[in-house]
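> 3D, please:
(chains A and B)
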Amino acid sequence: MSDLGRLERFLRTDPDDVGCDEAMAVLHIYVDLVAAGQDAAGRYPGVAAHLRACGPCDEDFTGLLQAVTGG
Amino acid sequence: MVSAVGLDEESSAWLRRLGAGGVERQAAERELHGRLVGIAVAEVRRRAAGTAVTGPELDDVAHQAAGDAMLAILAKLGDFRGESRFITWAYRFVILEVSSKLGRHYWRNPPVALDAGQWERLPDRLGIDPAWQAESAGLLAEVRRVVDDELTGHQRRVFVAIVVDGIPLDALAAELGLRRNAIYKVIFDARRKIRRALVANGYMDEPGLEQR
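Take a look at the predicted model:
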């Protein structure tokens, strides 16, 4: 990716992005779906969009997934 | 009273034991707390590289997070609706506590002060290769102009802290007494405003996801 591409990606906003509060409110449900190999992003596209853009929430997602899968 | 109908066996057992009295409940609470401590310790160690918290202090953060999560779980047991496994619901509390506590600990020894405004580091923050920085100077100057001229004072302060100075979002939220979501929304709106300005002034020519 070019440097302009990185900047563009950073500045790009997704209207589906539900924000931190909504994403964290269903994080446990989302993580269980992912851990079970189900289509969490398809069921919660707004959460998936948020996790792609928000580093802290994605960190929480990663931590919870590791906690429940042990990996 | 929490209904255990429709739950997996393990979740039902947790609810039954935590809803019981006497020694059965005490044993369940001890077991759950032990698990929360284990998860918290693993989580602070996983995040250790990205924080200034080290050594015994990390374990302190983990134990505090587990203790606070335990209290929240017991207080909110009636809110569990069985949409996930109980243990996933419970672990969410401790993961979020770890985030919050690490954010607060950032200010004990911050590598950069609030309102430092290290604009010279913006190319690094944005991952722009030094070889491309002269080429991107006009674009970055336009970013700064939008930040200075078109953002509100609050938006500018938050954008500079997070994007220019690289202060962790949870740390800024703790310092300003705001929720993570409030900080994220400010950055979200600032990103959209800057992108629109860059497109309007010919620095970018794609509309991006916001206008689809």
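
> need the residues of chain A near chain B, please.
Chain A comes close to chain B at residues A:3-4, A:6-8, A:10-15, A:17, A:19-21, A:24, A:26-29, A:31-32, A:35, A:53-57, A:59-60, A:63-64, A:66-68, as judged by C-beta under 8 Å from any C-beta of the partner chain. Any C-beta I mention is one placed from the backbone N, CA and C, and that applies to glycine too.

> which helices and strands sit right next to the longest helix seen in chain B?
Secondary structure of chain B per DSSP state H: the longest helix is helix B:22-47. The elements that helix B:22-47 packs onto, with contact taken as 3 or more C-beta pairs under 8 Å, 6 or more residues apart in numbering or on different chains; DSSP states H and E, are helix A:55-69, helix B:9-19, helix B:55-75, helix B:86-105.

> Report the angle between that helix and helix A:55-69.
Inter-element angle recorded for helix B:22-47 and helix A:55-69: 130 degrees (by axes from the mean of the first three to the mean of the last three C-alpha atoms, to 10 degrees).

> Return the set of buried residues in helix B:22-47.
For helix B:22-47, the neighbour count (16 or more other C-beta atoms under 10 Å in any protein chain shown) marks B:28, B:32-33, B:35-37, B:39-44, B:47 as buried.

> Those into JSON lines, with extra columns for pLDDT and distance to residue B:123?
Formatted as JSON lines, the buried residues of helix B:22-47 follow (pLDDT from 0 to 100; distance: C-beta to C-beta, whole Å):
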{"residue": "B:28", "pLDDT": "98", "distance to residue B:123": "54"}
{"residue": "B:32", "pLDDT": "98", "distance to residue B:123": "47"}
{"residue": "B:33", "pLDDT": "98", "distance to residue B:123": "47"}
{"residue": "B:35", "pLDDT": "98", "distance to residue B:123": "44"}
{"residue": "B:36", "pLDDT": "98", "distance to residue B:123": "42"}
{"residue": "B:37", "pLDDT": "98", "distance to residue B:123": "42"}
{"residue": "B:39", "pLDDT": "98", "distance to residue B:123": "38"}
{"residue": "B:40", "pLDDT": "98", "distance to residue B:123": "37"}
{"residue": "B:41", "pLDDT": "96", "distance to residue B:123": "37"}
{"residue": "B:42", "pLDDT": "96", "distance to residue B:123": "35"}
{"residue": "B:43", "pLDDT": "97", "distance to residue B:123": "32"}
{"residue": "B:44", "pLDDT": "96", "distance to residue B:123": "32"}
{"residue": "B:47", "pLDDT": "94", "distance to residue B:123": "26"}
